[in-house]
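>>> mind looking at a prediction? Sequence and model below.
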Amino acid sequence: MTMPHNGQEVVRTFNRTWDEIEQMLTLAEAKRKQWKNWFDDCKNSGDREGMKEAARNHKALDGVIKTLRWTLGEVGVEDPLA
């Protein structure tokens, strides 16, 4: 299947397995936890720039996690764009 994206043709194969998507969810949750821990470390050391970076990445992974859960059809997960 092809779809236009930024003026270029994008080919989507739809060949990801449910296991791959679940593994990506597990990795995203682990990475989000790492960013939370880094935020806490930065907060304790007074590193405001580090806190900002950690908070941005943590928040971005919230969106990734919600989207993966939505993709997997997890009960109670609403539209990730809402």
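Now that the structure is in, tell me what you want to look at. Numbering: from 1, shown residues only.

>>> please make it C-alpha for all contacts and neighbour counts, starting now.
Noted.

>>> all strands of the chain, in order?
2-5, 8-11 (DSSP state E).

>>> tell me the buried residues in the last one?
Of the residues in strand 8-11, none is buried under the neighbour-count criterion (16 or more other CA atoms under 10 Å).

>>> chain center to it, what's the gap?
Counting by CA atoms, centre = their mean, to the nearest Å, strand 8-11 is centred 23 Å from the centre of its parent chain.

>>> wait, what's in contact with residue 67?
Residues near residue 67 by CA atoms under 8 Å, 6 or more residues apart in numbering: residue 80.

>>> can you give me the end-to-end distance of stretch 67-82?
Start to finish, the residues bounding stretch 67-82 are 11 Å apart (CA to CA, to the nearest Å).

>>> how about it: buried residues?
67-70.

>>> find the nearest non-adjacent residue to the most centrally placed residue in the chain, please.
What sits nearest the mean C-alpha location of the chain, by CA atoms, centre = their mean, is residue 64, with 2.3 Å. Once flanking residues are discounted, residue 64 sits nearest to residue 28: 7.3 Å by CA to CA, 6 or more residues apart in numbering.

>>> correct me, but the one you found touches residue 63?
No: the pair residue 28 / residue 63 is not scored as a contact, 10.0 Å apart, by CA atoms under 8 Å.

>>> of these two, who's got more company?
Neighbours per residue (other CA atoms under 10 Å) separate residue 28 from residue 63, with residue 28 holding more: 18 against 13.

>>> could you check how far that one is from residue 54?
Distance from residue 28 to residue 54, counting by CA to CA: 14 Å.

>>> and if you look at residue 41?
To residue 54, residue 41 is 10 Å away according to CA to CA.

>>> same question for residue 80.
Residue 80 sits 21 Å away from residue 54, going by CA to CA.
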